[in-house]
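Undergrad: can you look at this prediction? I've put the sequence above it.
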Amino acid sequence: MRSPRYHPPDYWLLSLTFLLIAFGLIMLSSAGAVVGFQRFGQADYFLRQQLFSFAVGCAVMYVMAIVDYHFWRRFAFFLLIISIGLLVAVFLPGLGFEAGGARRWINLGSFLLQPSEIIKLTFLLYLAVWLEKRGKGAHDFTYGLLPFLFLLGIIVLLIMMQPDLGTVSIIVLVSIVVYFLAGAPWRHLLIILGGGAVAFEDIQSFAVARGGSHVALRRDPGIDAEIRRRHYALPVERIEKMKGLKALCLTTSSFSWIDGKKLAERGIILTNTPGKSTNAVAEFNMYMMMTLLRKIPLIAKNNWEMDYDNFINDEAKGKTAGIIGLGQIGSRVAELCAGLGLKVYYWDRKTKEVDYERLELADLLKKADVIFNTLATPTEVKGIITDEMIKNMKQTALIVSTSDPIYNSELILQQVAENKLGGFAFESDSRKFTDFKGNVMVFPEQAYLTKETLANTSRITTETVLSVIKGTPINKVN
């Protein structure tokens, strides 16, 4: 198995590789220290994880270096079949993991596996073996080009269903290069390029239908951020390592990313900072609504030129507002809407003693001209708004959200793009409004960030910590 034809390594290549790795680790140790401490109680959390991956990578590199590459020839077909099976497995309920509208990962508990990264290697290995066995037969249209395109097409289809145009582009480009290095005629290249040009728009449309937006067609760093947020939320096991911890006082109003019940079982108090940004977020909801009513996304995407025939603006007065979640923020949104002359209805898990009428959720979505999602999002309410409810909304209805999605965001984006909804405004640090068609406005996560909010945070957090020390904790959420 070990290659008898040993030759010294390329020290220049190795040096450059390790130099890049060292630079990355230095940047990570600096940029990830604060986040690691906030989420996991360890400033070097991300650095240690990366060092572990580096050690594993070095071990694999060493093994691959000492093994004669001809050894892998006999396993090429089986490795490809396993890789294709893993690509299919991402769509299995309970096994596949979805984030940012993309379903590219397999949840293995302690880590996530991305099969499309594996098939980059296994398909290239199989293709090289297959071309070697075919010899000059690879130059034939029937026995060379068609089988090549058939197998490549299967892999492209499975990856586009995730969707992941970036990986598809790499696999297609490398496969074509290998195919022609094996001696395929130029006329095959012309056939592939011609067919690829025709199919490209259809491939894009297919991916948009699967992912709801062009942002899902490329490597989106925000998706990785969402994976970390959802899969690596602050685990109780990390908190247990903080010996003598009596309370965990959050400076955020949200707390669904921590298992409060398990903390309570261990005698640890969990608190948040309620009301710190109520007015800031409520006012921002009004701003988001106004951008949609005044067609700002459409005007901006039209080079800031007003189209007086197609961009007719709307006024807020006389519209119907539907508030989902009548907590502190939702109540303030309702007050501001009423002040602007909107008729206010609401839905909440509990009936409130307010001047507004409570409707069932499906009826609220049917009736409202503007829907405001201000609902806190514990696990039990995720997906509470069904696809059918979205499809039954008014064609001119607007959706404004400063909370985590409790609906199918990709369906809403698709409905707006097809003019089946009037508009959608939400916050995201990774997406831009230019990524979407129609009256869609994307803001950075700024709704809460005002001078008043920061002052409130300091005051409420201080009061909470002092109350915990005195043994009479306030703002307790577990």
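TA: Happy to help now that I have it.

Undergrad: only C-alpha atoms from now on, for both contacts and neighbour counts.
TA: Fine.

Undergrad: and residue 103, that's in a strand?
TA: Yes: the assignment for residue 103 (DSSP: H, G, I helix; E, B strand; the rest coil) places it in a strand.

Undergrad: show me the residues around it that make contact.
TA: Contacts here follow CA atoms under 8 Å, 6 or more residues apart in numbering; on that basis residue 103 touches 90-91, 96-97, 162-163.

Undergrad: hey, where'd the strands end up in the stretch 201-350 of the chain?
TA: 247-249, 269-271, 320-324, 343-347 (DSSP state E, counting those that start in this stretch).

Undergrad: which of those strands is buried the deepest?
TA: strand 320-324 (a mean of 26; mean count of other CA atoms under 10 Å).

Undergrad: got the angle for that strand vs strand 343-347?
TA: Relative orientation of strand 320-324 versus strand 343-347 (axes from the mean of the first three to the mean of the last three CA atoms, to 10 degrees): 20 degrees.

Undergrad: tell me what strand 320-324 is packed against?
TA: When contacts are defined as 3 or more CA pairs under 8 Å, 6 or more residues apart in numbering; DSSP states H and E, strand 320-324 packs onto helix 328-339, strand 343-347, helix 361-367, strand 370-373.

Undergrad: now the closest residue to residue 274 other than its chain neighbours. Its backbone dihedrals?
TA: Of all residues not flanking residue 274 in the chain, residue 253 sits nearest, at 5.1 Å (CA to CA, 6 or more residues apart in numbering). Per-residue torsions, residue 253: phi -80, psi -30 (degrees, to the nearest 10).

Undergrad: for residue 253, give me its contacts.
TA: By CA under 8 Å, 6+ apart, the neighbours of residue 253 are 272-276.

Undergrad: just residue 245 next, same as before
TA: By CA under 8 Å, 6+ apart, the neighbours of residue 245 are residue 268.

Undergrad: and it, how close does it get to residue 317?
TA: Applying CA to CA, to the nearest Å, the value for residue 245 to residue 317 is 52 Å.

Undergrad: now do residue 80, the pLDDT please.
TA: For residue 80, the pLDDT comes out at 86.

Undergrad: on that earlier part again, inside strands: which ones of the contacts of residue 103?
TA: 96-97 (DSSP state E).

Undergrad: neighbour-wise, which of the contacts of residue 103 leads?
TA: Among the contacts of residue 103, the one with the most neighbours (other CA atoms under 10 Å) is residue 163, at 26 neighbours.

Undergrad: that one reaches residue 105, doesn't it?
TA: No: using CA atoms under 8 Å, residue 163 makes no contact with residue 105, being 11.3 Å away.

Undergrad: ok so, going back, possible to save the contacts of residue 253 as CSV with pLDDT and neighbour count?
TA: Output for the contacts of residue 253, formatted as CSV (pLDDT from 0 to 100; neighbours: other CA atoms under 10 Å):
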residue, pLDDT, neighbour count
272, 88, 22
273, 88, 25
274, 87, 18
275, 87, 17
276, 90, 23
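
Undergrad: which regions of the stretch 151-300 of the chain sit below the pLDDT cut-off?
TA: Counting by pLDDT under 70, the stretch 151-300 of the chain shows low-confidence ranges at 184-237.

Undergrad: show me what contacts residue 349?
TA: With contact set as CA under 8 Å, 6+ apart, residue 349 has these partners: residue 325.

Undergrad: again, only using 10 Å
TA: 324-326, 360-361, 375, 381 (CA atoms under 10 Å, 6 or more residues apart in numbering).

Undergrad: what of residue 313?
TA: 290-296.

Undergrad: dihedrals phi and psi, it?
TA: Torsion angles, degrees, to the nearest 10, at residue 313: phi -80, psi 160.

Undergrad: wait, residue 396 sits on residue 369?
TA: Yes: counting by CA atoms under 10 Å, residue 369 is a contact partner of residue 396 at 7.0 Å.

Undergrad: what do those two both touch?
TA: Common neighbours of residue 396 and residue 369 (CA under 10 Å, 6+ apart) are residue 422.

Undergrad: between the contacts of residue 103, which sits nearest residue 441?
TA: residue 163 (22.8 Å; CA to CA).

Undergrad: ok so, going back, adding neighbour count and distance to residue 461, write the contacts of residue 313 out as CSV.
TA: Below are those laid out as CSV (neighbours: other CA atoms under 10 Å; distance: CA to CA, whole Å):
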residue, neighbour count, distance to residue 461
290, 16, 33
291, 19, 34
292, 24, 35
293, 21, 37
294, 17, 38
295, 23, 39
296, 19, 38
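
Undergrad: now, among these, which is nearest to residue 47?
TA: Distances from residue 47 to the contacts of residue 313, taken by CA to CA, are shortest for residue 291, at 41.5 Å.

Undergrad: any idea how far residue 85 is from that closest one?
TA: Distance from residue 291 to residue 85, by CA to CA: 46 Å.

Undergrad: could you measure residue 280 against residue 336, distance?
TA: 12 Å.

Undergrad: cool, and residue 55?
TA: 56 Å.

Undergrad: quick one, which of those two is more surrounded?
TA: Shown here are residue 55 and residue 336; by other CA under 10 Å, residue 336 has more neighbours (18 against 12).

Undergrad: and residue 107, what are its bridge partners?
TA: Applying DSSP bridges to residue 107 yields these beta-bridge partners: residue 112.

Undergrad: quick check, pLDDT for it.
TA: Looking at residue 107, the pLDDT reads 74.

Undergrad: which one of residue 396 and residue 369 has more residues nearby?
TA: Taking neighbours as other CA under 10 Å, residue 396 and residue 369 compare with residue 369 leading, 23 against 14.

Undergrad: correct me if wrong: that one contacts residue 317.
TA: No: using CA under 10 Å, residue 369 makes no contact with residue 317, being 11.1 Å away.

Undergrad: common neighbours of those two, please.
TA: 342-343.

Undergrad: show me where the stretch 151-300 of the chain has helices.
TA: The residue ranges that make up the helices of the stretch 151-300 of the chain, judged by DSSP state H, counting those that start in this stretch, are 165-181, 186-211, 221-231, 236-240, 260-265, 278-293, 296-301.
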